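*Asks:* Model the following, please.
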Amino acid sequence: MQLTIKIKHNMNKQQIIDALKQSKHNKVWIAVTDIDGRPLSKLIHRDKVLSAIESNGISYSSGIFAVDIANNMYTNTDLCGWHKGFPNLYVQIDLESFRQIPWNDDMPFFLADMSQQNDDISQVCPRSLLKRIVQKYTEKGYTPIFSQEYEWFNFVGTPQELQTQDFQNLTPLTQGSDVYSMLKPALYQNYFNALFDQLEGFGIPLECLHTEYGAGLYEAAIQHTDVVTAADRATLFKTGVKQIAYQHGLTASFIAKLSETMIGCGGHLHQNVYSGENNLFFDSNKPHNISDFMQSYIAGQLKCLPDIMPMFAPVVNSYKRLHPYSVAPINSTWGLDNRTCAVRTLTESPESARIEHRVAGSDMNPYLAISACLAAGLYGIENNLNLANIAPIEGNAYEHAQTLPNNLQIATERMKHSDIAKELFGEVFVDHFVKTREWEWEQYDEEQLDWELKRYFESV
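*Replies:* The predicted structure is shown next:
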């Protein structure tokens, strides 16, 4: 993973404004990401967008942070909800997020957030939270670089058709568990190629795309870049894949665990930190080339991980993926190129030295998961933590005791009472986020066998 400059649209503010004025479209998509990582969008007239760029921004109902993943209003949150009357809030358009949607006639698109504000409700905006944590790195002269991998299932049929089947007896895009197959993608070659090409046209360049170990299962690795752009790409990747699938009569699902008999879907986070052109994770004079800086960063992540699990595993279904012999971790461990651990280190060269955080599933909110990685890593750096008493796991980490919470209720309760979580993200965010996870657990109907499929199949 080499240091790369953010891949921008190479346009300044005036050039973007001119491009909008000259666009063949009189409308623009604007999206704000909610607490579950969904881009909540409006199609807005171009003139209103141009005005918003020079003013307070775009108005949204504060309900965007008071609605759950099934589009029901929380009744247990203090910051926003029925008791507040859902007043307007204003989000600011981030011009650096400008892109066009290739599968929608190059319609202009922007992301927006509340990072220019400092009131309580702005504290729970996921994209704004990430920007605040990145700023702490910037002030120290550090540049974190991230990329993300996604695994997801693809099925024949539209979402409406699958819903009428109650998500039972689904037809996967391909049969069998052919990893890295060159044969199976040919069955839906236009879709496979469209993913690679149209996502790149949408500002989400892929490093690779291939079949994975499961019927209809694909994996994609997104190219690495600066943190906010990486989170934008990861968030819009899921929406982009789903929309492209629609156009091919298919449905893509990022549910973390589809069934007990099928492999889970990960959302692994690759990360390192630079100072100038120097990868701070690499030191050829240290064992395994792991620098003192990298030790502290890893130690911080391992210490904080059990206290902030809902940031990586946010819904009931997330924890079904985290079990022994699932290629997903069950304990707060690290290892040298060891895929059974929570943190996998790769330090062969200064260009590629990085860690892979393997806890997050494909259902997480990238802004929150990346915020959690960064905040925990900084915690380790600022507290001079090290790995002196935490040996890397050799071999099978599943042979060690489970140390991570094994369901959403336990994970949320731990985060609720965690001083570390409040130190990392602030009390306002933790209080609101914890209440949303408590709500999510309360909705869980264990006796309804298809509850998780109906709730998460397309929404995560």
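*Asks:* Surely Phe155 touches Asn169?
*Replies:* No: the pair Phe155 / Asn169 is not scored as a contact, 10.7 Å apart, by Cβ atoms under 8 Å. Glycine gets a C-beta too; all of them are placed from N, C-alpha and C.
*Asks:* So for these two, which residue has more residues nearby?
*Replies:* When neighbours are counted by other Cβ atoms under 10 Å, Phe155 and Asn169 differ, and Phe155 comes out ahead with 22 against 7.
*Asks:* per-residue pLDDT, the more buried one?
*Replies:* Looking at Phe155, its pLDDT stands at 96.
*Asks:* With the one 10 residues further on instead?
*Replies:* The pLDDT attached to Gln165 in the predicted structure is 88.
*Asks:* residues touching it, list them.
*Replies:* Gly157 (Cβ atoms under 8 Å, 6 or more residues apart in numbering).
*Asks:* Please tell me how far it sits from Asn72.
*Replies:* Look at Gln165 and Asn72: by Cβ to Cβ, to the nearest Å, they are 24 Å apart.
*Asks:* ditto for Ala421
*Replies:* As judged by Cβ to Cβ, Ala421 and Asn72 stand 25 Å apart.
*Asks:* Compare the two (neighbour count), which wins?
*Replies:* Higher neighbour count among Ala421 and Asn72: Ala421, with 26 against 11, using other Cβ under 10 Å.
*Asks:* who touches stretch 169-178?
*Replies:* Defining contact as Cβ under 8 Å, 6+ apart, one finds that stretch 169-178 is touched by 153-157, 162, 181, 184-185, 187-188, 191, 211, 213-217, 250.
*Asks:* Whichever of those end up buried, select them in PyMOL.
*Replies:* Buried residues among the contacts of stretch 169-178 (16 or more other Cβ atoms under 10 Å), as a PyMOL selection:
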select buried, resi 153+154+155+156+162+184+185+188+191+211+214+215+216+217+250
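*Asks:* From the contacts of stretch 169-178, which land in helices?
*Replies:* Those of these mapping onto helices are Leu162, Tyr191, per DSSP state H.
*Asks:* Find the helix or strand that Asp94 is a member of.
*Replies:* Using DSSP states H and E, Asp94 falls within strand 88-101.
*Asks:* ranges for the strands of the stretch 351-460 of the chain?
*Replies:* Counting by DSSP state E, counting those that start in this stretch, one finds strands in the stretch 351-460 of the chain at the ranges 354-357.
*Asks:* what does the stretch 51-200 of the chain give?
*Replies:* Using DSSP E, counting those that start in this stretch, strands in the stretch 51-200 of the chain cover 58-61, 88-101, 107-113, 143-156.
*Asks:* Of all the ones you listed, which one comes closest to Asn12?
*Replies:* Closest approach to Asn12 among the strands of the stretch 51-200 of the chain (Cβ to Cβ): strand 88-101, 8.5 Å.
*Asks:* tell me which residues of the closest one are tucked away?
*Replies:* For strand 88-101, by 16+ other Cβ under 10 Å, it's 89-101.
*Asks:* Can you list the strands that that strand pairs with?
*Replies:* Under the criterion DSSP bridges, strand 88-101 sits next to strand 58-61 (antiparallel), strand 107-113 (antiparallel) in its sheet.
*Asks:* Out of these, which is the most enclosed?
*Replies:* The highest mean neighbour count among the strands paired with strand 88-101, using mean count of other Cβ atoms under 10 Å, belongs to strand 107-113: a mean of 22.
*Asks:* Report the rounded mean pLDDT for it.
*Replies:* For strand 107-113, the per-residue pLDDT averages 97.
*Asks:* what residues does that strand touch?
*Replies:* For strand 107-113, using Cβ under 8 Å, 6+ apart, the contacting residues are 19-20, 23, 25, 27-33, 39, 46, 49, 57-58, 91-95, 97-101, 125, 127-128, 131, 202, 232, 236.
*Asks:* OK, contacts around Ser59?
*Replies:* Ser59 makes contacts with Asn88, Leu89, Tyr90, as judged by Cβ under 8 Å, 6+ apart.
*Asks:* Out of those residues, which comes closest to Glu356?
*Replies:* Nearest to Glu356 among the contacts of Ser59, counting by Cβ to Cβ, is Leu89 at 36.2 Å.
*Asks:* which residue sits closest to the closest one, ignoring its sequence neighbours?
*Replies:* Ser62 (4.9 Å; Cβ to Cβ, 6 or more residues apart in numbering).
*Asks:* hang on, isn't that neighbour packed against Tyr90?
*Replies:* No: contact criterion Cβ under 8 Å: Ser62 and Tyr90 do not qualify, at 10.3 Å.
*Asks:* what about the residue nearest to Leu89, neighbour count?
*Replies:* Other residues near Ser62 number 16, with proximity taken as other Cβ under 10 Å.
*Asks:* Then Ile16?
*Replies:* 19.
*Asks:* and it, what are its phi and psi?
*Replies:* Here is the backbone geometry of Ile16 (degrees, to the nearest 10): phi -70, psi -40.
*Asks:* May I have the predicted confidence score for it?
*Replies:* Here, the pLDDT recorded for Ile16 equals 92.
*Asks:* Quick check, Asn407 in contact with Tyr319.
*Replies:* Yes: the criterion here is Cβ under 8 Å, and Asn407 meets it with Tyr319 at 4.9 Å.
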